[in-house]
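> need the 3D shape of this:
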Amino acid sequence: EIIKHTPPQTHLNVLLFPLCLCPGCFECCVKCLGVLPYASLFATILLYAGVALFCGCGHEALSGTATILQNYFEVVRAPVETLDVLTMIDILKYVIYGVAAAFFVYGILLMVEGFFTTGAIRDLYGDFKITACGRCVSAWFIMLTYIFFLAWLGVTAFTSLPVFMYFNIWTICQNTTVVEGANLCLDLRQFGMVTIGEERKVCTGSEKFFKMCESNELDMTFHLFVCALAGAGAAVIAMVHYLMVLSANWAYVKDACRMQKYEDIKSKEEQELHDIHSTRSKERLNAYT
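Numbers count the residues shown, from 1 in each chain. Here you go, the predicted model:
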């Protein structure tokens, strides 16, 4: 009823009207917005988006690869003791689960570190409480983020390999429809997926080849690997952004620590001068008396 009788000026007035009823709400919102570390928040969102894209699309692309190998290349799962391509795909899926969980926690830790190096938090708790251990924590996060940056570079390079492989397969499928009588074969031994003694290949004249090219599995798996590659690239950019933020925070904490020491020395010197002047004043007063 209160909002109904307000003058209909703009939608913004209606949205801000509940804040006007509570005098402290607006100041609280402004204080919360001042506490937010926007650089760390942007890097965290980019990291979560990249990791989610890489893990989700990578998992489904690996499942599609296993289906293609079993249906069209007749790859059979080896015994438990043998490490074959299907077992490697299962291992990579578990690695993806671990990567998703680890970087979810790591993003939260970096976000918390960004909160405690924000100016509003420093003004609230003081510089000394942050600089006491903040320097060591920031340096540790810088080293760890740099290691993860190199790791994501390797992941990006590794993810580009299946993209290149599927692009070659897609190109062969396109060329067979344009050039009649082309004799091309896809041999898994060229990609190192099977041993040299095993012959797992599909040629252009076979029925399996046409079924594979016309199936949605090949096209979907190819695009999923491209999305996974884009997610890994986004994670690399997020790591670079985190390095810039952490370096700036470490520099501030270092300067704040030096400033704190300077202020302590200055206050001690002022106290000593004050004590000296007080002692001399007492001596002069006693001599006069």
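> quick one: mean pLDDT for the host helix or strand of T279?
T279 is part of helix 216-288 when elements are defined by DSSP states H and E. What helix 216-288 shows for mean pLDDT is 82.
> ditto for stretch 159-179
83.
> packing partners for the helix holding T279?
Where contact means 3 or more CB pairs under 8 Å, 6 or more residues apart in numbering; DSSP states H and E, helix 216-288 is packed against helix 38-71, helix 85-116, helix 127-178. Heads up, the C-betas are built off the backbone N, CA and C, glycines and all.
> winner for burial among those helices?
Most buried of the helices and strands packed on helix 216-288, by mean neighbour count (mean count of other CB atoms under 10 Å): helix 38-71, with a mean of 19.
> any idea of the angle it forms with helix 216-288?
Angle, helix 38-71 to helix 216-288, by axes from the mean of the first three to the mean of the last three CA atoms, to 10 degrees: 160 degrees.
> starting at the chain centroid, how far to helix 38-71?
11 Å (CA atoms, centre = their mean, to the nearest Å).
> cool, stretch 211-231 as well?
Relative to its chain's centre, stretch 211-231 lies at 24 Å (CA atoms, centre = their mean).
> residues making contact with it?
Stretch 211-231 is contacted from outside by 49-55, 57-58, 60-61, 64-65, 67-68, 71-72, 156, 159-160, 162-163, 166-167, 169-170, 173, 176-177, 202, using CB atoms under 8 Å, 6 or more residues apart in numbering.
> can you state the direction angle for the helix holding T279 and helix 127-178?
Counting by the same axes, to 10 degrees, helix 216-288 lies at 160 degrees to helix 127-178.
> mind starting the numbering at 736 from now?
New numbering, starting at 736: the last item is helix 951-1023.
> SS state for L921?
Classification of L921 by DSSP: H, G, I helix; E, B strand; the rest coil places it in strand.
> beta partners of it?
As for beta bridges, L921 partners with V937 under DSSP bridges.
> W887 versus F899, what's the distance?
In this structure, F899 and W887 are 19 Å apart, going by CB to CB, to the nearest Å.
> let me have the helices and strands packed on helix 951-1023 in a markdown table, extended by distance to Q925.
Converted to a markdown table, those look like this (distance: least, CB to CB, whole Å):
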| stretch | distance to Q925 |
| --- | --- |
| helix 773-806 | 14 |
| helix 820-851 | 13 |
| helix 862-913 | 9 |
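> and these: which comes nearest S1002?
helix 862-913 (12.7 Å; CB to CB).
> what helices or strands is that closest one leaning on?
helix 773-806, helix 820-851, helix 942-949, helix 951-1023.
> report the distance from that helix to the chain centre.
Averaging C-alpha positions (CA atoms, centre = their mean) puts helix 862-913 9 Å from its chain's average.
> now do stretch 944-952
Mean-position distance between stretch 944-952 and its chain equals 35 Å (CA atoms, centre = their mean).
> quick one: contacts for the nearest residue to K936 once chain neighbours are set aside?
Spatially, and ignoring its direct neighbours in sequence, K936 is nearest to D922 (4.0 Å; CB to CB, 6 or more residues apart in numbering). By CB under 8 Å, 6+ apart, D922 lies in contact with 934-936.
> follow-up on the earlier one: how about CSV for the helices and strands packed on helix 862-913, with distance to F883 added?
As requested, those are exported to CSV (distance: least, CB to CB, whole Å):
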stretch, distance to F883
helix 773-806, 10
helix 820-851, 7
helix 942-949, 37
helix 951-1023, 6
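> among the ones you listed, which is nearest M878?
Of all those, helix 951-1023 sits nearest to M878, with 9.6 Å by CB to CB.
> orientation of the closest one relative to helix 820-851 in degrees?
30 degrees.
> what residues does stretch 979-986 touch?
Applying CB under 8 Å, 6+ apart, the contact partners of stretch 979-986 are 772, 774-775, 778, 845, 848-849, 852, 869-870, 873-874, 876-877, 880.
> tell me which two in these are the farthest apart.
Spatially, the most separated pair among the contacts of stretch 979-986 is A778 and R870, at 20.6 Å (CB to CB).
> now for the helices and strands packed on helix 951-1023, which one comes closest to K1003?
K1003 lies closest, by CB to CB, to one member of the helices and strands packed on helix 951-1023: helix 862-913, at 15.1 Å.
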